[in-house]
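> sequence-free structure coming up:
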C-alpha cells in the first residue's frame, strides 16, 4: 500500500484550476489514477489522466514553487471554488459536486469554510 505524503504544487494548481466537467467523481478518479502511477510520495501531474494533462498544457503556465499540499486541500479548494461559482448556493454546489447536501454541509463544517 502506497503512502501519499502530499501533492506537488504543480499538480495542486492543476487540480484547483481544472473545470471538472465530471465534478467530484472525476476528481476522485483522477486522484486514484494518480496514486496508482505515483513514483514517489507525492501525487504529480504526469500521473493524472491524459485529458487533464492535455488541458493543463493548453491552459496553464508552470506553477511557482510552493509546498506540497494534501488531498484534503484539493477537496477543500474544489468545494470553495464551487460555492463561489454558485454564489454560495449550497444545494446547487452539492448538485454540481455530485454529493448530497448533507455531505456538503458536513465537509463545509469539517474544513471550516465560511
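Okay, I see it. This one's a predicted model, so the numbers in the text were calculated from it and none came from an experiment.
> neighbours around residue 46, how many?
14 (other CB atoms under 10 Å). C-betas here are computed from N, CA, C, even on glycine.
> wait, what's in contact with it?
With contacts defined as CB atoms under 8 Å, 6 or more residues apart in numbering, residue 46 is in contact with 37, 53.
> looking at this, it is in a helix?
Yes - applying DSSP: H, G, I helix; E, B strand; the rest coil, one finds residue 46 inside a helix.
> Contacts only, for residue 3.
Shown here is residue 3, whose contacts under the criterion CB under 8 Å, 6+ apart are residue 41.
> so where is the chain shaky, pLDDT-wise?
Within the chain, the segments meeting pLDDT under 70 span 1-2, 61-69.
> Kindly recompute the last result at 80.
Within the chain, the stretches with pLDDT under 80 are 1-4, 22, 57-71.
> Show me the helices in this protein, by range?
In the chain, the segments counted as helices under DSSP state H are 9-17, 23-36, 50-59, 71-85, 90-97, 101-110.
> Of all the ones you listed, which one is nearest residue 44?
Proximity to residue 44, assessed across the helices of the chain by CB to CB, is greatest for helix 9-17 (5.4 Å).
> buried set for that closest one?
Neighbour-count burial for helix 9-17 flags 9, 10, 11, 12, 13, 14, 15, 16 (criterion: 16 or more other CB atoms under 10 Å).
> cool, stretch 37-47 as well?
Neighbour-count burial for stretch 37-47, counted by 16+ other CB under 10 Å, picks out 38, 42, 43, 44, 45, 47.
> want to throw the buried residues of helix 9-17 into TSV with distance to residue 111?
Shown next, in TSV, are these (distance: CB to CB, whole Å):
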residue	distance to residue 111
9	20
10	23
11	20
12	15
13	19
14	20
15	15
16	14
